[in-house]
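Sequence plus predicted model, see below.
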Amino acid sequence: MDNALTVPKFRLPGFVAAMGQHLPQWPHALALIAGLNAALAFKLLPAGELATLEDKQFRVRVLDSGGEASFTYRNGRFLPIFRPTREPDLAFAANLSAFLQLLARQEDPDTLFFNRELEITGDTELGLLVKNLLDAVEWPAPPRLGLPLGGR
Amino acid sequence: MTSLPDLVCPAGSLPALKAAVDNGADAVYLGFRNDTNARNFAGLNFDAKTMAEGIRYAHAKGREVLLAINTFPQAGRVGDWHKAVDGAVDVGADAIILADVGLLDYARRKHPQQRLHLSVQGSATSYEAINFCQREFGVRRAVLPRVLTLAQVENVIRNTTVEIEVFGFGSLCVMNEGRCWLSSYACGESPNTVGACSPAKYVKWDKKPGAMETRLNGILIDRFGDDEPAGYPTLCKGRFEVRGETYYALEEPTSLNVLEILPEILKIGVRAIKVEGRQRSPAYVAQVTRTLRAALDALAGGSERYHVRPAWQAELAKVSEGNQATLGAYNRPWR
Ligand code: SF4
């Protein structure tokens, strides 16, 4: 399959994760939330289903970089949570390559889940809703990942 | 030049529909965003606006859109299903895929010109049943349940003028299509009642050190070691203890994959090949559509030189549930 944008499966070395844990969590969280709020601004996410997300807490954990972002959705915006006080309603954990493959729509979350490369814990129904919301987004242009990677 | 069967691909969202069309599907099937279709999951499926846009997109490229209304009307709410049928006609679906005999009758009388397909959920396994639907409701195509052997499919085709569609790839739900109530046993809701098997609100994934447990309404369905592939949390695919042994007592989580017998499927005159998976993402739809398109096109010049390419199998294996593929009932020695 010829695809110039192919993200290969990779794993960052363990020491990167060890380092990541000592970095402040802010940059990850802020970048993610900026992206989500941009999607809101462009009305890419359907209003009806967004209501279900109100006050729910989410956590995205990048296993091999040790990065982690927690956020919530309140009054029509995504907001970071810097010090979560409880377990999130929904948590995703995967290596960076798996998240990139998901973002590039190169792999399907079920595939990654079946192959145990993506971990989803918490409220399953919420998880399914989030997955379907993101699948239904018509990105203005296909997300191009500037990674210098060859095809398979 | 052999005439090829239509490749019919799933779409749970507009991006998935576009992925199917762009990667070579001849037809896309989809459903409304409610319980009139058997993949009624939160956030999935089409509202009026995305449906209209999807149909426009497919038609502009000369592809068909088949609209599935494949659940059974619930008591007191038959009107909702009638409205779905009327809506499907209004929006310009090329065909409506129906399972319920009452709905077939309604559609036939109210919209005599509309092309109707009999859903796999209609569970017609014999040519008598299919010919009955043709005579009574003018059904033009029937989707066969995944329980027939290839010889049985051939026998059906020989004895009917209704077009026959079979499943070519996807997760299996082989138990008793259109009649399975296992999900209701666990949580009171089944595909035929609420449009979803094992609805997510009853599913719990529990990560424990070294293993992940899945429960359906509290019932332990399976426990996966860290290096074991996971499957959908349905009762039929659970591992249970039976007489002191723990194993897949009902069926192994496998995917149906007919690449190997594609030439035979063509030879017996199958009119369309269907891919399962409206609940999957655009990435899956693109991968599977592309692969089956390549395989079908390879057969266009005749079957003598057809051979299954390892790259196709690898692509399909990757997106499969469970770690094995099967020819399902098609090559089963028993009936
Ligand atoms: S329990 Fe299994 S066989 Fe029954 S409807 Fe669900 S997926 Fe199909």
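Thanks, I have the structure now.

How about the contacts made by the residue in chain A that the ligand sits nearest to?
Chain A approaches the ligand most closely through A:Asp110 (14.0 Å), counting by CB to the nearest ligand atom. Using the backbone N, CA and C atoms, a C-beta is placed for each residue, glycine as well. Neighbour list for A:Asp110: B:Gln279, B:Arg280, B:Ser281, B:Tyr284, B:Val319, B:Glu321 [criterion: CB atoms under 8 Å, 6 or more residues apart in numbering or on different chains].

Just the ones of those residues in helices?
B:Tyr284, B:Val319 (DSSP state H).

A:Leu79 - how many residues pack around it?
Residues within reach of A:Leu79, counting by other CB atoms under 10 Å in any protein chain shown, total 13.

Next one: it relative to A:Ile33, how far apart?
7 Å (CB to CB, to the nearest Å).

again, but for B:Gly62
42 Å.

Please check the contacts of A:Asp110 and keep the buried ones.
Among the contacts of A:Asp110, those classed as buried by 16 or more other CB atoms under 10 Å in any protein chain shown are B:Gln279, B:Arg280, B:Ser281, B:Tyr284, B:Val319, B:Glu321.

And those, which is closest to A:Leu102?
B:Ser281 (8.4 Å; CB to CB).

How about the contacts made by that closest one?
B:Ser281 makes contact with A:Arg105, A:Asp108, A:Pro109, A:Asp110, A:Lys131, A:Asp135, B:Ala16, according to CB under 8 Å, 6+ apart.

which of those residues lies closest to B:Pro10?
For these, the nearest to B:Pro10 is B:Ala16 (7.1 Å; CB to CB).

Specify the local secondary structure of the closest one.
B:Ala16 falls in the helix class when you classify it by DSSP: H, G, I helix; E, B strand; the rest coil.

give me the number of residues near it?
B:Ala16 has 30 nearby residues by other CB under 10 Å.

Outline the domain layout of chain A.
A:27-40+A:49-58+A:72-81, A:93-137 (automatic domain parsing).

Comparing the ones you listed by mean pLDDT, which bottoms out?
Mean pLDDT per stretch puts domain A:27-40+A:49-58+A:72-81 lowest among the domains of chain A, at a mean of 82.

Now the common contact residues for A:Leu79 and A:Ile33.
Joint contacts of A:Leu79 and A:Ile33 (CB under 8 Å, 6+ apart) are A:Phe71.

OK, contacts around the nearest residue to B:Thr161 once chain neighbours are set aside?
The spatially closest residue to B:Thr161, leaving aside those adjacent along the chain, is B:Gln134, at 7.3 Å (CB to CB, 6 or more residues apart in numbering or on different chains). Neighbour list for B:Gln134: B:Arg140, B:Thr160, B:Thr161, B:Val162 [criterion: CB under 8 Å, 6+ apart].

most surrounded residue in these?
In terms of neighbours by other CB under 10 Å, those top out with B:Val162 at 22 neighbours.

Mind checking which residue lies nearest the centre of chain B?
With distances taken as CA atoms, centre = their mean, B:Glu276 lies nearest the centre of chain B, 3.8 Å away.

quick check: mean pLDDT across whichever strand in chain B runs longest?
Using DSSP state E, we find that the single longest strand of chain B is strand B:163-171. For strand B:163-171, the mean pLDDT works out to 93.

From the ligand, how far off is B:Pro10?
Distance of B:Pro10 to the ligand, given as CB to the nearest ligand atom, to the nearest Å: 15 Å.

I'd guessed that residue sits against B:Ala286; true?
No - using CB atoms under 8 Å, B:Pro10 makes no contact with B:Ala286, being 11.6 Å away.

what's the overlap in contacts for the two?
Joint contacts of B:Pro10 and B:Ala286 (CB under 8 Å, 6+ apart) are B:Ala20.
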